[in-house]
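> After the sequence you'll find the predicted model.
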Amino acid sequence: MWSTAQYRNLVRASGLYDLVVTLGFAAPWSFALLHEGLSGLHGGLGLAGEIPPFAPVHMLMANLMGSIVCVWAWLRIRHPEQRFGRYDGAGRVLFSAWMLYALLKGASGLLWGMLLLEVLWAMAQLAPVLRGRAAKTADVV
């Protein structure tokens, strides 16, 4: 079981991870470089799936996602509250579902690594919540 201090450190670490991983998506010029690098990595590794070229509306969606995730990450770094960790865990379940959907629709195999990390972060942040509910249910029975 996580202590309060350990869980706060986990929430802060998840925010730092998100900031590092997502910062490249936040602006058109950084995303252009990131997209080029990921495309090269995908091709160099000979992975299944594809990384499609991006139209302006795709760039906009990537930049919006990157911007809001960076703000959310900074909030958790500055204020690593338990409730933010729970919300982040729920968000990671959603992100994981959409990554899996994209993979099933032919997205680059590079997503498998990102999906694995999202699932691990979600499990770490939601496990204390789920354990707490299980304990309360066991007490009632």
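Looks like it came in fine.

> For residue 52, give me the pLDDT.
Among the per-residue scores, residue 52 shows a pLDDT of 87.

> Can we start the residue count at 3 from this point?
Sure, I'll start counting at 3 from here, so that last one is residue 54.

> The closest residue to it other than its chain neighbours is in what secondary structure piece?
Nearest-residue entry for residue 54: residue 60, 7.8 Å, with adjacent residues in sequence omitted and distances by CB to CB, 6 or more residues apart in numbering. Where C-beta positions appear, they are placed from N, C-alpha and C, glycine not excepted. Using DSSP states H and E, residue 60 maps to helix 58-80.

> Which strands or helices does that helix pack on?
Counting contacts by 3 or more CB pairs under 8 Å, 6 or more residues apart in numbering; DSSP states H and E, helix 58-80 is packed against helix 6-24, helix 30-47, helix 84-106.

> And for it, what's in contact with it?
Helix 58-80 has contacts (CB atoms under 8 Å, 6 or more residues apart in numbering) with 13-14, 16-21, 24-30, 33-34, 54, 56, 86-87, 90, 93.

> Restricted to buried residues, select those in ChimeraX.
Here is the ChimeraX selection string for the buried members of the contacts of helix 58-80, based on 16 or more other CB atoms under 10 Å:
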select :13,14,16,17,20,21,24,25,26,27,28,29,33,86,87,90,93
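
> rewinding a little: mind putting the helices and strands packed on helix 58-80 into CSV with distance to residue 124?
Shown next, in CSV, are the helices and strands packed on helix 58-80 (distance: least, CB to CB, whole Å):
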stretch, distance to residue 124
helix 6-24, 10
helix 30-47, 23
helix 84-106, 4
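
> What angle do helix 6-24 and the longest helix seen in the chain make with each other?
Longest helix in the chain, counting residues (DSSP state H): helix 113-142. Helix 113-142 and helix 6-24 are oriented at 160 degrees to each other (axes from the mean of the first three to the mean of the last three CA atoms, to 10 degrees).

> how far does helix 113-142 sit from the chain's center?
Its chain's C-alpha centre and that of helix 113-142 lie 15 Å apart, by CA atoms, centre = their mean, to the nearest Å.
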